[in-house]
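**Student:** The amino acid sequence is not available; the structure is as follows:
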């Protein structure tokens, strides 16, 4: 630990693809950075102007005012925090991808070591870090956010503080990337298999998909406007119209011998909404139906629960 | 039928929301239009400069060089064609939404009545008709397309002829709108129910969703590039990384008491791809796996089959 004698503006814990990108971005912007990684080679690869390498997480944290963790999982974050003697007034910013009920135990651990905690999520790929339109979201005590916002905003022009409820960033990450992004991409994979398998070229599929991604963007806005106004009336296609069409399309894909598993799951929601009496409403009424949560499963459910095993 | 004495450039059969929009668009662009609708009131509502009303589909078709059908289903198209004595060299353009194995019998019916046939699909909402970026796709004999392309291109700047295989427009419509669009929107509904139900505002959800729709657009391009090059290697997240994350996210949503049905169907594909030995490949390798069609189901399967019942 002898080599980190200087002060650094920020410590980056974890030098995977994303962690390395953040360290380089801050260094390029003139900040002094100290990096640490469990396997030292990835940290050493970053050494250069404005970037020093620490031999331990504790050493990195002691050197800097704020430590930013970009690790594999929250379990790794907990192991790293366990290895740290004290945070001593430092802020620990956790950009590791995790879920709602993983946040509490990490934030308590920070508390116990005398540090402040911010939870964050990165909504872009590494190569988009630093762009004006790139989105990163943070939650935590507002005064802690205020202390570090200038540093954190260097990672993307659309960096926002959303709540003092620490769990909400992970809810958004789980919902929008974990669920929506992965489900939508898998829906595209299903579509691509059927369309390309039937003899259409990738270029033609690309041409047909572009406007439909724009339709998704527009429909997302319409859906959220319907939620804001609690108005699920429509003079366009009704829930029943759409459910009927989805069954018809799904059957056609099945007759061709291709999989329609994701579409079938989606159709089952439409069928349920019809059965619940929403047939003449807009498709967005389904949000209202599905927002009524079912009883939580097991003792570890919900915001205040423990870590998943 | 006495009133349609004049010649029209185009007949529009079906005056629902989309059919009415097409008729108005052509009339505004200076084309003479004749419209017909089963219930006359919707057709009468369109009467005006450049738009006449026909009392039967036969009368509309006799008046115009080309008839464009925008009806509820292919069954309706068949009923309308059955009511027509002859097409007599006219072109019948079918913009009605349908699936792959519905096309043949309609095209044969046109043939039998002495007409030419084009099959088309509209990839935008009615309010986007006529815009430079709006996408409409056509298939059929290339010389028939060439005869009518100027008229058809007035409906959208991104109007394209894709194939002489008549069924391929419906394959794209079924795949990209029927399956991808509806699955992705239902995935968003699932996400919105979880995120909004947990206490996040519609505005914050909108902010987080925008960049993710851009990610979907970018990932679609990457997926199709992987297919073109048959290269499913990755130095980013592997199939196993993503499958693990999807299971983790899905479990978290379930513990919170919200539905994860679409995500679960998507995850089952990722699990299958892992089990098929694709764990170290990119997520796009799943297209390759799912493009191998299963045996077709039932006698009416495939392109040359009959109409679904």
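**Tutor:** Cool, the structure landed. Quantities reported herein were computed from a predicted structural model and do not represent experimental measurements. Numbering: from 1, shown residues only, chains lettered A, B, ... in the order given.
**Student:** and the residue in the stretch 1-150 of chain A that chain B sits nearest to, how many neighbours?
**Tutor:** Per C-beta to the nearest C-beta, residue A:99 is where the stretch 1-150 of chain A lies closest to chain B, at 3.4 Å. Just so you know, the C-beta spots here come from the backbone N, C-alpha and C atoms, and that holds for glycine as well. Using other C-beta atoms under 10 Å in any protein chain shown, residue A:99 is surrounded by 24 other residues.
**Student:** Skip the chain neighbours and tell me the closest residue to it.
**Tutor:** Nearest residue to residue A:99, sequence neighbours excluded (C-beta to C-beta, 6 or more residues apart in numbering or on different chains): residue B:252, at 3.4 Å.
**Student:** so the residue of the stretch 1-150 of chain A closest to chain B sits right up against residue A:174, yeah?
**Tutor:** Yes - Residue A:99 lies in contact with residue A:174 (C-beta atoms under 8 Å); the separation is 5.1 Å.
**Student:** Show me the common contact partners of the two, please.
**Tutor:** Counting by C-beta atoms under 8 Å, 6 or more residues apart in numbering or on different chains, the contacts common to residue A:99 and residue A:174 are B:249, B:252.
**Student:** for chain A, what spans make up the helices?
**Tutor:** A:17-28, A:40-44, A:57-63, A:74-82, A:103-112, A:142-153, A:168-172, A:182-197, A:202-229, A:239-255, A:261-273, A:285-290 (DSSP state H).
**Student:** Those helices into a markdown table, with extra columns for mean pLDDT and distance to residue B:75?
**Tutor:** Formatted as a markdown table, the helices of chain A follow (pLDDT from 0 to 100; distance: least, C-beta to C-beta, whole Å):
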| stretch | mean pLDDT | distance to residue B:75 |
| --- | --- | --- |
| helix A:17-28 | 97 | 53 |
| helix A:40-44 | 97 | 62 |
| helix A:57-63 | 96 | 67 |
| helix A:74-82 | 96 | 54 |
| helix A:103-112 | 96 | 54 |
| helix A:142-153 | 98 | 58 |
| helix A:168-172 | 97 | 44 |
| helix A:182-197 | 98 | 23 |
| helix A:202-229 | 96 | 25 |
| helix A:239-255 | 96 | 11 |
| helix A:261-273 | 98 | 20 |
| helix A:285-290 | 97 | 27 |
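**Student:** Turn these into TSV, including mean neighbour count.
**Tutor:** Formatted as TSV, these follow (neighbours: other C-beta atoms under 10 Å in any protein chain shown):
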stretch	mean neighbour count
helix A:17-28	21
helix A:40-44	15
helix A:57-63	23
helix A:74-82	18
helix A:103-112	17
helix A:142-153	15
helix A:168-172	28
helix A:182-197	27
helix A:202-229	19
helix A:239-255	21
helix A:261-273	23
helix A:285-290	24
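**Student:** Select, out of these, the one closest to residue B:165.
**Tutor:** helix A:202-229 (11.4 Å; C-beta to C-beta).
**Student:** so what does the closest one touch, helix or strand wise?
**Tutor:** Identification of packing neighbours for helix A:202-229 by 3 or more C-beta pairs under 8 Å, 6 or more residues apart in numbering or on different chains; DSSP states H and E yields helix A:182-197, helix A:285-290, strand B:135-139, strand B:158-163, helix B:168-172, helix B:182-197, helix B:202-229.
**Student:** angle of that helix against helix B:202-229?
**Tutor:** 170 degrees (axes from the mean of the first three to the mean of the last three C-alpha atoms, to 10 degrees).
**Student:** Domains in chain A, by residue range?
**Tutor:** A:10-165, A:178-291 (the TED database).
**Student:** re earlier: want to throw the helices of chain A into a markdown table with distance to residue B:169?
**Tutor:** Output for the helices of chain A, formatted as a markdown table (distance: least, C-beta to C-beta, whole Å):
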| stretch | distance to residue B:169 |
| --- | --- |
| helix A:17-28 | 41 |
| helix A:40-44 | 50 |
| helix A:57-63 | 58 |
| helix A:74-82 | 48 |
| helix A:103-112 | 49 |
| helix A:142-153 | 47 |
| helix A:168-172 | 38 |
| helix A:182-197 | 11 |
| helix A:202-229 | 9 |
| helix A:239-255 | 13 |
| helix A:261-273 | 19 |
| helix A:285-290 | 29 |
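**Student:** Out of the ones you listed, which gets nearest to residue B:149?
**Tutor:** Among these, if distance is taken as C-beta to C-beta, the winner is helix A:202-229, at 16.4 Å.
**Student:** quick one: that closest one to strand B:135-139, angle?
**Tutor:** Going by the same axes, to 10 degrees, helix A:202-229 makes 140 degrees with strand B:135-139.
**Student:** tilt between helix A:202-229 and helix A:182-197?
**Tutor:** 150 degrees.
**Student:** ok, which residues in the stretch 1-150 of chain A are in contact with chain B?
**Tutor:** Counting by C-beta under 8 Å from any C-beta of the partner chain, the positions of the stretch 1-150 of chain A adjacent to chain B are A:17, A:97, A:99, A:100, A:101, A:123, A:124, A:125, A:133, A:134, A:135, A:137.
**Student:** Go again with 10 Å.
**Tutor:** Selection of the stretch 1-150 of chain A residues close to chain B by C-beta under 10 Å from any C-beta of the partner chain yields A:17, A:72-74, A:97-102, A:121-126, A:128, A:133-137.
**Student:** Which residues are in contact with the nearest residue to residue A:147 once chain neighbours are set aside?
**Tutor:** Leaving aside its sequence neighbours, residue A:147 sits nearest to residue A:91 (C-beta to C-beta, 6+ apart; 7.0 Å). Listed by C-beta atoms under 10 Å, 6 or more residues apart in numbering or on different chains, the contact partners of residue A:91 are A:10, A:64-68, A:110, A:115-118, A:140-141, A:144-145, A:147-148, A:151.
**Student:** Same check on residue A:292?
**Tutor:** Residue A:292 neighbours (C-beta under 10 Å, 6+ apart): B:193, B:197, B:257, B:258.
**Student:** what's the spacing between the residue nearest to residue A:130 when sequence neighbours are not counted and residue B:83?
**Tutor:** Nearest non-adjacent residue to residue A:130, counting by C-beta to C-beta, 6+ apart: residue A:25, 4.9 Å away. Look at residue A:25 and residue B:83: by C-beta to C-beta, to the nearest Å, they are 67 Å apart.
**Student:** what's the neighbour count on the residue of the stretch 51-200 of chain A found nearest chain B?
**Tutor:** Closest contact between the stretch 51-200 of chain A and chain B, by C-beta to the nearest C-beta, is at residue A:178 (3.0 Å). If you count neighbours by other C-beta under 10 Å, residue A:178 ends up with 26.
**Student:** repeat for residue A:199
**Tutor:** 12.
**Student:** Correct me if wrong: it contacts residue B:164.
**Tutor:** No - the pair residue A:199 and residue B:164 fails to qualify as a contact (C-beta atoms under 10 Å) at a distance of 11.8 Å.
**Student:** ok so, going back, so which of the residues of the stretch 1-150 of chain A next to chain B belong to strands?
**Tutor:** A:121, A:122, A:135, A:136, A:137 (DSSP state E).
**Student:** Tabulate the helices and strands packed on helix A:202-229 (TSV), appending distance to residue A:224.
**Tutor:** As requested, the helices and strands packed on helix A:202-229 are exported to TSV (distance: least, C-beta to C-beta, whole Å):
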stretch	distance to residue A:224
helix A:182-197	16
helix A:285-290	9
strand B:135-139	25
strand B:158-163	27
helix B:168-172	28
helix B:182-197	7
helix B:202-229	4
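**Student:** Export the domains of chain A to JSON lines and append columns for distance to residue B:219.
**Tutor:** Formatted as JSON lines, the domains of chain A follow (distance: least, C-beta to C-beta, whole Å):
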{"stretch": "domain A:10-165", "distance to residue B:219": "9"}
{"stretch": "domain A:178-291", "distance to residue B:219": "6"}
